[in-house]
Structures are given as structure tokens and as C-alpha cells.
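> attaching a predicted model along with its sequence, questions to come.
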Amino acid sequence: MNNTQMTARVGLFFIIGIVLIWVTFEALRGNSINRKQGYTVVAGFPTLKELKAGDEVRMAGVKIGNVDLTRLANDRAEAVLRIQPEMHIAKDATASISMAGLIGTNYISLDIGHPELGTVAEGGELHTRTVPDLNQIMSDLGGLGQDLKGALANISQAFGNGADNKGGLFQKLDRLVSENSEKINSTMANLEDITAKIRNGQGTLGKLVNDPAAYDQLLATVNEIKGAAADARVFLTNTQSLVDQVKSGKGTLGTLVYDEEAGNNIKLVTKNLRDLSEKLNNPNSTFGQLITNDQLLRDAQSTLRKVDSAVDGMGDSGPISAVGVVAGKLF
């Protein structure tokens, strides 16, 4: 084998190696050799969270494309996604950045949405939502740990020496009991005395507890109170019914209150009574003369005496004579 053939073979192997390296690199990036096939859409996020070109785009867990490039635009981070030409994304589909395991790379996750409502066109923009990533979760857990540590410190301080150096809760309770031991003993003694009296049937509460008759009387009193309350409810119900009848113009009282004709009749009767009263009080009227004129009374009494005398004389005379006697007495 001459040098020319050796050189040609080395060059061929070198070219094949370069091609294999390039193919491997593209495969590791997740792209096909002809990576520009398909159409692009844009997904905007506050942060891309280490998302980079070549990461996968998945819909319902199935790969449908790759991240073509990442950029900053319109005061946000944008990922340009290259989608396989046969795959269509619904207009209401939502994109989010997810993590493939704890140590995996990030990828764009899409839900299926409702394709019947329409699909995103070439260069269109996707609806996006931000989900917490591992770093944010760990940061939140760190903050929670600090809060928990502070809470435990406060609890320890409350049960320990206290912030005012006057002792914690247990120390304060011990000091309170020690300083008020005599009052506590006195209170306990009073409670024992009260419970002993109740147990022996002394006092009102003791009788209620131990005397069945007192309990029965109390129960009877309560029943009477319940009965009185029931009667009061019935009375209120009847009163309300009466008020409703009056408001509706029913019954005598309702008629008097709401019937205009009845009111006019009452006014007329009242006027007639007033006129009659005025006539009785008028000494010039006939009724006034009968009431206020003493002479008419005396004349009437005289006439009655004459009639009485004439009646007495009728018993001694015949009918004709009796008539004459009466006429003579009267006239």
C-alpha cells in the first residue's frame, strides 16, 4: 500500500468521524438532521428556568417538537418552539415549563386543549402559565424552615425564661400558685363545704339534687310557665288575628274604623244627642220647661191630687155621677 492510498483512507475516516460526531451532537440535542422542518410558535414566560435550545416540546407527554431558540423580547423571556408539521396545537392549549425528574432537563409541556375551537398558526403565540420549579420549592421550604425555627424559638422562650426575664410560662404558673396558695386552699375548702352541703341536701341546690318532691315541684312550676307561655302565644295570635280583621275592615270595630258610612252615622247620632242635650238645657224649650220650671211641677202634682180625689169619689156614685164628679173636681 502506497502513501497516496494511506492518505486517502485516513482522510475518509476523518470525514466519516466528523459526520458521526455531528450526527451524535444533533441526536443529543434532540434534533433531527433536517432540523428546520415544521413550523414555529412562541411561548413567553417571566423566566425560562434553564430552558435551552434543543429541549423537547411535549403534548400530553408525547414529543411533538423542540425548542428552536430562546430570547429576551417585550420585557420577558421567549422560547421559539419548532413543532412537527403534522402536529397541531389548539388555541386554548396552555404551555408550561416542566422538569424531567430531579436531575433531568427542562422541557415545554402542553395540554391537548380543544382543537375543534381552532389551532395556533405559524408564528402564533401560546397561552402560558408559570409553575414552581425545584429551586423555588427549595427556596420556599427554606423560608418555611426559618419561620418554623422562629416559631419554635418563640415557644421555647415562652416556656423558658421569657422575653422579660421574669421566667417562662411554667415558672409564672409556679410563682402564681406559690403566691396564692392560701387563697387556693381557702377556695378549695369552700368548694368542699358547698359540695358537702349539696350532698347532704342542704340549701336550695341540695334539695333539688336530693329531694324528689322539690324536683317535682320545680318541674311542675316549669310546666306551668310553659303553659302560661303557650297561653300568651295563643293570646298574641288572637290579638294579631283581631288586628288583621280590623285592618281588613271586618267586624264591628273594623267597620267603625274603616267604613266611612258607619262613621258618618256615628257623627250624625252624636250631633243629634248634642242637639237634644242643648234643648234639654234650654229653659225656653218644652223639655227645658219640664225640667227647670218648678211651677209646672206643682201644677202637675195638684192635678194628680185632684184626679186621685175624683177616683175616690167614683166609688160612691154611679157612672153618670162619677163623670160629673170627675169633671167638677178637675174644672
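Great, that's in hand. Numbers count the residues shown, from 1 in each chain.

> mind checking how far the closest residue to Y215 other than its chain neighbours is from I97?
In this structure, Y215 finds its nearest non-sequential neighbour in L208, 5.9 Å apart by CB to CB, 6 or more residues apart in numbering. (C-beta placed from N, C-alpha, C; glycine too.) Distance, L208 to I97, by CB to CB, to the nearest Å: 74 Å.

> these two: which is more packed in?
I97 (23 against 15; other CB atoms under 10 Å).

> what about the helices in the stretch 201-331 of the chain?
Counting by DSSP state H, counting those that start in this stretch, the stretch 201-331 of the chain has helices at residues 203-210, 212-247, 251-258, 260-281, 286-292, 294-314, 319-330.

> which residues of the stretch 201-331 of the chain score low on pLDDT?
Where the stretch 201-331 of the chain drops to pLDDT under 70, the residues are 249-259, 262, 280, 283-297, 300, 307, 310-331.

> let me see the confidence value for K63.
Per-residue confidence (pLDDT) for K63: 93.

> domain ranges for the protein, per the record?
Domain ranges of the chain: 31-133, 155-207, 260-291, 297-329, per automatic domain parsing.

> give me whichever of the ones you listed is most buried.
Highest mean neighbour count of these: domain 31-133, a mean of 16 (counted as mean count of other CB atoms under 10 Å).

> for that domain, the distance to its chain's centre please.
In terms of CA atoms, centre = their mean, to the nearest Å, the centre of domain 31-133 is set 45 Å apart from its chain centre.

> again, but for stretch 191-198
46 Å.

> parallel or antiparallel, which strands does the lengthiest strand in the chain pair with?
Ranked by residue count, the top strand of the chain under DSSP state E comes out as strand 62-73. Paired with strand 62-73 in the same sheet, following DSSP bridges, are strand 56-59 (antiparallel), strand 76-83 (antiparallel).

> pull the CA atoms of the shortest one into PDB?
Only the C-alpha atoms of strand 56-59 are listed here, as PDB (Å, rounded to 0.1, in the frame of the first residue of the first chain):
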ATOM      1  CA  GLU A  56     -38.200  18.900  23.900                       C
ATOM      2  CA  VAL A  57     -41.700  20.100  23.500                       C
ATOM      3  CA  ARG A  58     -44.300  17.500  24.700                       C
ATOM      4  CA  MET A  59     -48.100  17.400  24.400                       C
END
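
> what lies in contact with that strand?
30, 63-67, 81-83, 87, 89, 93, 107-112 (CB atoms under 8 Å, 6 or more residues apart in numbering).

> next up, the contacts around the residue lying closest to N210 once chain neighbours are set aside.
Excluding the flanking residues, the one nearest N210 by CB to CB, 6+ apart is G201, at 3.8 Å. Shown in contact with G201 (CB under 8 Å, 6+ apart): 207, 209-211.

> from those residues, which is closest to K271?
Closest to K271 out of the contacts of G201 is K207 (69.4 Å), distances taken as CB to CB.

> ok, the spatially most central residue of the chain to S156 distance?
In the chain, the residue lying closest to the centroid (CA atoms, centre = their mean) is R233, at 29.9 Å. With distances taken as CB to CB, R233 is found 60 Å from S156.

> again, but for N185
Distance from N185 to S156, by CB to CB: 33 Å.

> and stretch 120-139, how far apart are its ends?
36 Å (CA to CA, to the nearest Å).

> and it, average pLDDT?
Per-region confidence: stretch 120-139 scores 82 on mean pLDDT.

> likewise for stretch 11-31?
In this model, stretch 11-31 has a mean pLDDT of 76.

> tell me how far stretch 173-180 lies from the chain's centre.
So, by CA atoms, centre = their mean, the centroid of stretch 173-180 is 45 Å from its chain's centroid.

> with stretch 197-206 instead?
46 Å.

> let me have the domains of the chain in a markdown table, extended by distance to T7.
Formatted as a markdown table, those follow (distance: least, CB to CB, whole Å):
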| stretch | distance to T7 |
| --- | --- |
| domain 31-133 | 29 |
| domain 155-207 | 81 |
| domain 260-291 | 134 |
| domain 297-329 | 176 |
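
> between these, which one is closest to D140.
Closest among those, using CB to CB: domain 31-133, at 7.4 Å.

> next up, phi/psi of N74, please.
When read as degrees, to the nearest 10, the backbone of N74 gives phi 60, psi 40.

> that one contacts G44, doesn't it?
Yes. Between N74 and G44 there is a contact under CB atoms under 8 Å: 7.1 Å.

> common neighbours of those two, please.
With CB under 8 Å, 6+ apart as the test, N74 and G44 reach no residue in common.

> so the closest residue to A60 other than its chain neighbours: helix, strand or coil?
Ranked by CB to CB, 6+ apart and with sequence neighbours excluded, the top spatial neighbour of A60 is I112, at 5.4 Å. Assigned by DSSP: H, G, I helix; E, B strand; the rest coil, the conformation of I112 is coil.

> for I112, list the residues it contacts.
Listed by CB under 8 Å, 6+ apart, the contact set of I112 reads 59-60, 90, 93.
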